[in-house]
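K.L.:
structure for this input, please:
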Amino acid sequence: MLQKKWTSLLAMLMALFVLLVPLAQPAAPVEAASKTRVFKTELGKLVIKGTPKRIVTLSMAGTDAVVTLGLKPVGYTISNSGTVPTYLRNKLKGVPSVGALSAPSLERIAALKPDLIIIDHEFEFHKAIIPQLKKIAPVAGFRANSYKEAMNQLLVLGDILGRKAKAKSFVNQFYKELKSQQAKLKDKNLRVLGFFVNKDGINVWQDNSFSGSIFTALKADYAFKEKGDEYSDFKTVSLERILEIDPDVLFAYTDPGKNDLKKVKANPIWSQLKAVKKKRVVEVNRDLWSRSRGPLAAKLIVKEAASILKRYQ
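P.N.:
Next up is the predicted model:
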């Protein structure tokens, strides 16, 4: 009889234990949220507590990367020309600007109470304000000079922001799409060149630039291989120099609504170019193709560039 009572009591205790265990589980996330983590970034060691939720992005690449991870920054910078890349506009609805890329407002940034600030670590005007930014929140650098750098940095940022699986999935999909496009293209039968026009004149992207790396990956022969300044991936040249190169296809990086090529087209040398004669001058959106340099931009450029290259092969 006594043994039966003990057996019944033991069964009741076990049942009670099973009921109480799930109630104890929420304690784990609280512990994780307060955990200090250390990451190796382009700016050196980054120490953060928990997972950042309020992110301010001071570069288009950083904004692109955060959006790629399915997140929304609490503040971001617009381009120096006052634009927001078309492909990011819907993702940034309702998000306040903290100023232009080269002149972000420290007051606006502080007012948003971020727990992480992402900058372009190669921009002099960002590097100059790092000490002030660090007084507001931890600072991470994000700048990609090639599509590979964009993907590698996305993986790091995904870990920092608790989106490691999302980042890995995007990177895998990107390389799968790149491989698919490569299979449809012929090997280096087109010489291509990308350029943009500003107040300094005609600027040619180098083969080691962000879009240059994509052209090369898509089997094009990128025609400009000269090196520029240490911290620059483009070089100012004359139209005569472009005629010497005389590529098969010219990619003109322009701003929508602006007649960027008006002055260049008025030059008699323009009509002598092979690409002009064969109607192989393609205007592409400068925000997407050169200013953004993020993982999502890379994915979109691969798709657009491959389509254009296939047209002329």
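K.L.:
show the subsequent helix or strand relative to the helix or strand bottoming out on mean pLDDT in the chain.
P.N.:
Using mean pLDDT, DSSP states H and E, the weakest-scoring helix or strand in the chain turns out to be helix 27-33, at a mean of 46. Of the helices and strands lying after helix 27-33 in sequence (DSSP states H and E), the nearest is strand 36-41.
K.L.:
report all helices and strands that that following strand contacts.
P.N.:
Helices and strands touching strand 36-41, as assessed by 3 or more C-beta pairs under 8 Å, 6 or more residues apart in numbering; DSSP states H and E, comprise strand 44-49, strand 139-141, helix 147-160. C-beta here means a position set from N, CA and C on the backbone, and glycine is covered the same way.
K.L.:
looking at those, which is nearest to residue 195?
P.N.:
Residue 195 sits nearest to helix 147-160 of all those, at 19.4 Å, using C-beta to C-beta.
K.L.:
what are the ranges of the helices in the stretch 51-200 of the chain?
P.N.:
For the stretch 51-200 of the chain, the helices defined by DSSP state H, counting those that start in this stretch cover 60-68, 86-89, 106-111, 124-127, 130-134, 147-160, 164-183.
K.L.:
show me what the first one is packed against.
P.N.:
The one in question is helix 60-68. Counting contacts by 3+ C-beta pairs under 8 Å, 6+ apart, helix 60-68 packs against strand 55-57, strand 75-78, helix 86-89, strand 116-119, helix 147-160, helix 295-312.
K.L.:
run a quick neighbour tally on residue 63.
P.N.:
Using other C-beta atoms under 10 Å, residue 63 is surrounded by 30 other residues.
K.L.:
leaving out sequence neighbours, find the closest residue to it.
P.N.:
Closest residue to residue 63 apart from its sequence neighbours, by C-beta to C-beta, 6 or more residues apart in numbering: residue 57 at 4.2 Å.
K.L.:
I figured residue 141 hits residue 40, correct?
P.N.:
No. Assessed by C-beta atoms under 8 Å, residue 141 is found out of contact with residue 40, at 11.4 Å.
K.L.:
shaky segments in the stretch 151-300 of the chain?
P.N.:
Scanning the stretch 151-300 of the chain for pLDDT under 70 picks out 227-231.
K.L.:
what about the closest residue in space to residue 254 that isn't next to it in sequence, is that helix, strand or coil?
P.N.:
Among residues not flanking residue 254 along the chain, residue 260 sits closest, at 4.3 Å (C-beta to C-beta, 6+ apart). Under the three-state scheme (DSSP: H, G, I helix; E, B strand; the rest coil), residue 260 adopts coil.
K.L.:
quick one: the closest residue in space to residue 49 that isn't next to it in sequence from residue 118, how far?
P.N.:
Distance criterion C-beta to C-beta, 6+ apart; nearest residue to residue 49, sequence neighbours excluded, is residue 36 at 5.2 Å. Look at residue 36 and residue 118: by C-beta to C-beta, to the nearest Å, they are 19 Å apart.
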